[in-house]
Every structure is written in structure tokens, then in C-alpha cells.
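Q: Based on what follows, work out the 3D shape:
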Amino acid sequence: RAHDSTHTPCNEAIVHPGMFTHPHPRTVAIIGQGDGAVLREVLKHDTVEIVKMIEPDRTLVDVAKKHFPFLSDCSIISGSTECCYDDPRVELIIEDPIQWFSSH
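A: Numbers count the residues shown, from 1 in each chain. Here you go, the predicted model:
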């Protein structure tokens, strides 16, 4: 069960080591993770200009936005939007990630 107090540290651990290792992360690809929590953590980095989120399941995104909005809540991130998916830096791509990378 997703709960903010346990879910956030897990997603921080997934995102921030790689983001802090790169000297100036501007473009980020997220594969899957359609609940929006990884997206939220990526958008905390003010160097990020473009996020391509490749998610094969539109239903997962829609259910997470409706029932677990705290996972994609970017309201406390300066320059972002209330919902991370609405941030202008984000491009949500509903497609099989392997097919998407093969054609790009």
C-alpha cells in the first residue's frame, strides 16, 4: 500500500544518488514508475529541463493521479505545478519503453 511516509524515502533512494552524481542533469528519462513519485523526485532538481516519462500503462497513471495524488504532488517545488504530470518540463509518453527507445 502506497503511503507518503514510507513511499518517499524509497523513491528518494532511487533518484537522488544518480542525480547528484551527474554534474548538471538536464534531460532525464524515466521508464515506468507511472505513479509519479519518481517524477516528483526528479523535478526537485532545478537543473532538469526535460523529463521524458515512458510508461506503458495509461491506467496506472490515471489511477495514481486519482487515488494517490500525493505521489505526484509537486506543489512545494519552486517553479513546478500542483501535479507533477502538468509540469511543462514533463512529456508523458504512453508506449512500450523498449519500442520507444528502439525508434528514438
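Q: Nearest residue to Met53 in space, please, no chain neighbours.
A: Counting by C-beta to C-beta, 6 or more residues apart in numbering, Met53 lies nearest to Ile30, which is 4.5 Å off, once chain neighbours are set aside. Glycine gets a C-beta too; all of them are placed from N, C-alpha and C.
Q: so how far is the helix or strand the one you found falls within from its chain's centroid?
A: Applying DSSP states H and E as the criterion places Ile30 in strand 27-31. Mean-position distance between strand 27-31 and its chain equals 8 Å (C-alpha atoms, centre = their mean, to the nearest Å).
Q: packing partners for that strand?
A: Under the contact criterion of 3 or more C-beta pairs under 8 Å, 6 or more residues apart in numbering; DSSP states H and E, strand 27-31 touches helix 37-43, strand 50-55.
Q: right, and the ones you listed - which one's nearest Asp86?
A: Comparing the helices and strands packed on strand 27-31 against Asp86 with C-beta to C-beta, the closest turns out to be helix 37-43 (10.9 Å).
Q: Burial-wise, tell me which of the helices and strands packed on strand 27-31 comes out on top.
A: Of all these, helix 37-43 carries the top mean neighbour count, a mean of 25, counting by mean count of other C-beta atoms under 10 Å.
Q: That one - what's its average pLDDT?
A: Taken as a whole, helix 37-43 has a mean pLDDT of 95.
Q: Same question for stretch 74-87.
A: Rounded mean pLDDT across stretch 74-87 is 94.
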